[in-house]
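S.K.: The amino acid sequence is not available; the structure is as follows:
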Ligand code: OAK
């Protein structure tokens, strides 16, 4: 592969590559090149170096005739790629030196790249981490998704309220992709079913084409590269010439507009289901294209369809691609003449399903009449699948019921493995949403605790800490993260801790500079940076964080000369545009920030910062700079979380509940290095059964009652005093997420955090132990688990070079 076969690249050679692309690919002379040109030339020069490992990996995969993994996901939340590719190729220093020798500011060029934001949050970012790990582990894999023209909306604040505008990452050329006009498939919708010679024949009403765009995904040290194949929708007929000739110019381009709508925009709902027809079409569009593509590849290699499962593993990232089951069965029956029972068992042996949430509003169900209208043949196939399932198990669980098609049940029944994403979540999957199916198919549900790629989430986003780690334990950790454990022995070494703290301070200063330049906001780098960044959702309880902030503000004002630990409360995150309560919470945070930040009494002790448009690139600046990680969801509601892992890895201890992967993080870092508070999942369920639990919690907490009164009476919204009356009333009347019940425990634990932070060296030790002990949360470990327990997919690369070096 490239690291073994190709000679090392010098900065001189690399600047020549950049200049060549500037001239030949961009048609620019260095003296006239704009920032965009430099960025594109740099990206293309890097991309060139991915191609050989990519071809080599493809060649080895064909030779091995082994298994390929297909990861089907509606979302890939990638972020920027320049640094990612440079780091994986070991060319980060070379690229920087080359560009600077050409008189360019490397950091500025890197920052010019728009985030590829083809996802909403956790599920999409996990898919991106998994792609990185699949390549790092050398497992032949394709990621399949949609090439949305517009990624996740951009968030702006207008007088504190969230506004959304369309994101336009493809307005400029996307440097990393290869267009594949020759790879395209027809996708059919609607129409009618006819019976011909006893067989069902689907005569579709509408057809669009799915065209492939490939992005190579290179793993650590360039040893392997897989493909992210995204589908764009195109019309079967680009232009209706007869309409044009009649003078109907709008009508002439109608077919194109209609088709392109399918891949136009990412649905901005995080863990909520909207039930829109276009969404169903998007799901079927990319799933059908992917299944057609993998079957074509399999057959082109001379495969026998009865042995499909020996060569193909299809992972469904939640239920969004659950139509893959019926689609594969349909193609096996209708296009390849396979008998129904064999088609179902073959498809099931290929398919596996990951559940990413227990929230009832996220469970996809389609109205049956809509489903029949859009996918009439699949409706029949699902009935066959359901009949086979009922006959096989004697189950009473239906897939089509009460006029709805239930995608969770469909995905479950068609999968040979179903997994949750943390130990607690997987247990709850067995006990709650899929309790009956778990009895019907014992052993089918397993756990695969999430992970994160240490290349992006430590090596590349935190150079200060990366360098310290390299100097302390060597350089073999980025693809063998448990080696970080070697830092533990240094956690009692004062000189090491001093350097660890210096790295944190560097990152805090970097954040402060960035915020100053971007928003004109000034931070005190000596204060504790207390960070909560994630989608805004009631279950994630940003509101509880804010209530605690206001309570602290009250306390400081009551005793201004107390022994307070200065804090900056940093929030980041978007709300789904239709999620009214989440938007109210954003507005309230901004309103409270305006008042509290202007208070001369507290201004050196407490500040609230909420930078707009949180995205992956912002996370890469915020996480390394964090002192404290807020993971405060209602127990039982956060399936796993992955931000929790990123913070711990970057030396920010957690304040959190026993929810999702927090439980396992706490087990790893040690209870003494984790600030635990709040009800457990079982206690949450019990508390909800108690009458008036929220009202009683408020009555029992004068501190909370005072805060709620302030908000309700308009202290933070003087121009519209009743602005938050409904929000507060909602809390007191039906606080489903138990903000009120956990408030006191949270407040008290935050005061323990204050005390702990004041002892700087003890705090730094705790932070360092967090870094040292969370190596298990590498997505390499997660992917190795999927490969072993679900896919039975081998790695096609030998032992890691770094491990050989160590041996
Ligand atoms: C999004 C849409 C539908 C269903 C689930 C999601 C989602 O993003 N879930 C999140 O997945 C992450 C990755 O597994 C988890 O870490 C989060 O806890 C979960 O909310």
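M.R.: Structure's in. What do you need? These numbers come from a predicted model, not from an experiment.

S.K.: ok and the residue in the stretch 401-550 of the chain nearest the ligand?
M.R.: With CB to the nearest ligand atom as the measure, residue 421 is the residue of the stretch 401-550 of the chain nearest to the ligand, at 4.0 Å. (Each C-beta comes from the backbone N, C-alpha and C, glycine too.)

S.K.: avg pLDDT for the longest helix seen in the chain?
M.R.: When the chain is parsed with DSSP state H, its longest helix is helix 35-64. If you average the pLDDT over helix 35-64, you get 98.

S.K.: next SSE after it?
M.R.: Toward the C-terminus, helix 35-64 is succeeded by strand 68-72 as the next helix or strand (DSSP states H and E).

S.K.: what does the helix or strand just after that next one rub up against?
M.R.: On the C-terminal side of strand 68-72, the closest following helix or strand by DSSP H and E is strand 76-79. With contact meaning CB atoms under 8 Å, 6 or more residues apart in numbering, strand 76-79 is reached by 115-121, 124-125, 127-128, 131, 143, 145, 152, 228, 230, 456, 615-617, 620.

S.K.: Can you list which of those are found in strands?
M.R.: 116-118, 143, 145, 228, 230 (DSSP state E).

S.K.: Can you say which two of those residues are spatially most distant?
M.R.: 117 and 143 (15.7 Å; CB to CB).

S.K.: Enumerate the residues of the stretch 251-400 of the chain near the ligand.
M.R.: The stretch 251-400 of the chain comes close to the ligand at residues 270-271, 318, 356-357, 362, as judged by CB under 6 Å from any ligand atom.

S.K.: now the residues you listed as JSON lines including pLDDT, neighbour count and distance to residue 224?
M.R.: Converted to JSON lines, these look like this (pLDDT from 0 to 100; neighbours: other CB atoms under 10 Å; distance: CB to CB, whole Å):
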{"residue": "270", "pLDDT": "81", "neighbour count": "25", "distance to residue 224": "32"}
{"residue": "271", "pLDDT": "77", "neighbour count": "22", "distance to residue 224": "32"}
{"residue": "318", "pLDDT": "98", "neighbour count": "25", "distance to residue 224": "26"}
{"residue": "356", "pLDDT": "98", "neighbour count": "22", "distance to residue 224": "26"}
{"residue": "357", "pLDDT": "96", "neighbour count": "25", "distance to residue 224": "31"}
{"residue": "362", "pLDDT": "85", "neighbour count": "19", "distance to residue 224": "34"}
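
S.K.: what two of those are the furthest from one another?
M.R.: Using CB to CB, the pair of these lying farthest apart is 270 and 318, separated by 11.6 Å.

S.K.: follow-up on the earlier one: export the residues of the stretch 251-400 of the chain next to the ligand to CSV and tack on secondary structure?
M.R.: What follows is those, written out as CSV (DSSP: H, G, I helix; E, B strand; the rest coil):
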residue, secondary structure
270, coil
271, coil
318, coil
356, coil
357, coil
362, helix
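
S.K.: Stretch 654-662 vs the ligand: in contact?
M.R.: Yes. Residues of stretch 654-662 contacting the ligand under CB under 6 Å from any ligand atom: residue 660.

S.K.: Off-centre distance for that stretch?
M.R.: The chain centre lies 18 Å from the centre of stretch 654-662; the measure is CA atoms, centre = their mean, to the nearest Å.

S.K.: just stretch 60-76 next, same as before
M.R.: With CA atoms, centre = their mean, you get 20 Å for stretch 60-76.

S.K.: circling back: quick one, what contacts the residue of the stretch 401-550 of the chain closest to the ligand?
M.R.: Residue 421 is in contact with 126, 354-356, 447-450, 639-640, 660-661, counting by CB under 8 Å, 6+ apart.

S.K.: Let me know the pLDDT of residue 250.
M.R.: Turning to residue 250, the model gives it a pLDDT of 83.

S.K.: and if you look at residue 273?
M.R.: 78.

S.K.: now it, what's its secondary structure?
M.R.: coil.

S.K.: List the contacts of residue 531.
M.R.: Each residue near residue 531 by CB under 8 Å, 6+ apart is listed here: 570, 572, 622-623, 625-630, 647, 652.

S.K.: got the phi/psi numbers for the residue lying farthest from the centre of the chain?
M.R.: No residue in the chain sits farther from the centre than residue 246, which is 48.4 Å out by CA atoms, centre = their mean. Phi and psi for residue 246, reported as degrees, to the nearest 10, are phi -80, psi 0.

S.K.: let's have the chain start at 22 instead
M.R.: Okay, residue one is now 22; in that scheme the one you just asked about reads as residue 267.

S.K.: Can you give me the distance of it to residue 273?
M.R.: Distance from residue 267 to residue 273, counting by CB to CB, to the nearest Å: 9 Å.

S.K.: can you check residue 154 too?
M.R.: Distance, residue 154 to residue 273, by CB to CB: 47 Å.

S.K.: neighbour-wise, which of these two wins?
M.R.: Taking other CB atoms under 10 Å, residue 154 and residue 273 do not tie; residue 154 has more neighbours (27 against 17).

S.K.: Nearest residue to the residue of the stretch 422-571 of the chain closest to the ligand in space, ignoring adjacent ones along the chain?
M.R.: Spatial nearest neighbour of residue 442, excluding adjacent residues (CB to CB, 6 or more residues apart in numbering): residue 661 at 4.0 Å.

S.K.: Just confirm the one you found is within a helix.
M.R.: No. Using three-state DSSP, the assignment for residue 661 is coil, not a helix.

S.K.: and it, how many neighbours?
M.R.: For residue 661, using other CB under 10 Å, the count is 28.

S.K.: from memory it sits against residue 440, does it?
M.R.: No. Counting by CB atoms under 8 Å, residue 661 stays clear of residue 440, with 11.0 Å between them.

S.K.: Can you report how many residues neighbour residue 466?
M.R.: Using other CB under 10 Å, residue 466 is surrounded by 21 other residues.

S.K.: Could I get the average pLDDT for the stretch of helix or strand residue 307 belongs to?
M.R.: Per DSSP H and E, residue 307 falls inside helix 298-321. Taken as a whole, helix 298-321 has a mean pLDDT of 98.

S.K.: And stretch 470-488, by the same measure?
M.R.: pLDDT averaged over stretch 470-488 gives 98.

S.K.: Next: stretch 602-620.
M.R.: Stretch 602-620 shows an average pLDDT of 98 in the prediction.

S.K.: Look at the residue of the chain found nearest the ligand and say how many residues are nearby.
M.R.: For the chain, the residue closest to the ligand is residue 143, as judged by CB to the nearest ligand atom, at 2.8 Å. Neighbours of residue 143 under the rule other CB under 10 Å: 25.

S.K.: Show the pLDDT at it.
M.R.: pLDDT, residue 143: 98.

S.K.: Run through the residues that contact it.
M.R.: 377, 555-556, 660-664.
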